[in-house]
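Chemist: Generate coordinates for the sequence data below:
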Amino acid sequence: TVGIIVLASASTPDDGGAATTSVTAGLGEALPRGYEVWAHDEAGDPLRWDACAPVPFVVNTDGAPDGAVEDLRAALALLADASGLELILAGTTDERPLRERPLVERAGTTWRWRPVLVAWAGPDEGDLPLTPLDRGIALPVAVRDGDREAFVTGQVVINVRRTDLRAGFDDRSDSLGALLVHEVAHVLGLDHVDDPGELMWVDPGSGPVVLGPGDRAGLRTVGADAGCRGAPDPTVGRGLDVTR
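Modeler: Predicted structure coming up:
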């Protein structure tokens, strides 16, 4: 049986916190050591990527501020170091974010899971669960095919109308770098926490952009320390509806 899990997280600082909305049930169970994961697999283990394969990203810079690509590279490097996963910025794209984004694409004579898309968009584009107040959202997608279950693709969408974000990593309160770290960590499998000392806190907070001990423990849990995880074959993704 082939199944699909679509998760959505919105970072919304203006109302005093952030909302996490899932398209499926049973998510956000708390784990010890200051972190939470977004979902568990059929065996009850944290849902994650295959640690023995690279996780590719592409970026659409339409509407992005100056320095955005450099900030994304730095965010991926920080998270790769903490998780042990190989996070690759494969290049730029003209693809636009879309709630019903196809899961796979042609690769020569075969298929592959689409890379994680990072893009800037407004709340009225692509039927995305992005509100005018959100700074950004993460939309990781996991697929299950028999005993193979893993995250296989996703999207990070930054609200192009949030002009209060500054390039760089100066402070958690308003830096694009901090937001990218937070949202990409969601794509890797982490949920929000209630501890203001962690970057995965539900509120952006303020202060240096550094991973807290819970952030690092969580990234190790969903990262390379957990070992290889056989992801479903991309060919199964041709017939899956991402909105299910």
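Chemist: remind me, longest helix of this structure?
Modeler: As assigned by DSSP state H, the longest helix anywhere in the chain is helix 68-83.
Chemist: Now do the buried residues in that one.
Modeler: The neighbour-count check on helix 68-83 (16 or more other CB atoms under 10 Å) flags A68, D71, L72, A74, A75, L76, L78, L79, A80, A82, S83 as buried. (C-beta placed from N, C-alpha, C; glycine too.)
Chemist: Let me have those residues in a markdown table, adding pLDDT and distance to R135 as columns.
Modeler: Output for the buried residues of helix 68-83, formatted as a markdown table (pLDDT from 0 to 100; distance: CB to CB, whole Å):
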| residue | pLDDT | distance to R135 |
| --- | --- | --- |
| A68 | 97 | 14 |
| D71 | 98 | 14 |
| L72 | 98 | 15 |
| A74 | 98 | 18 |
| A75 | 98 | 14 |
| L76 | 98 | 18 |
| L78 | 98 | 18 |
| L79 | 98 | 18 |
| A80 | 98 | 23 |
| A82 | 98 | 22 |
| S83 | 98 | 22 |
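Chemist: Output these as TSV; include the columns distance to G44.
Modeler: Rendered in TSV, the data for the buried residues of helix 68-83 read as follows (distance: CB to CB, whole Å):
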residue	distance to G44
A68	38
D71	36
L72	33
A74	35
A75	30
L76	29
L78	29
L79	25
A80	27
A82	24
S83	21
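Chemist: which one of those residues is nearest D225?
Modeler: Comparing the buried residues of helix 68-83 against D225 with CB to CB picks out S83 as the nearest, at 8.5 Å.
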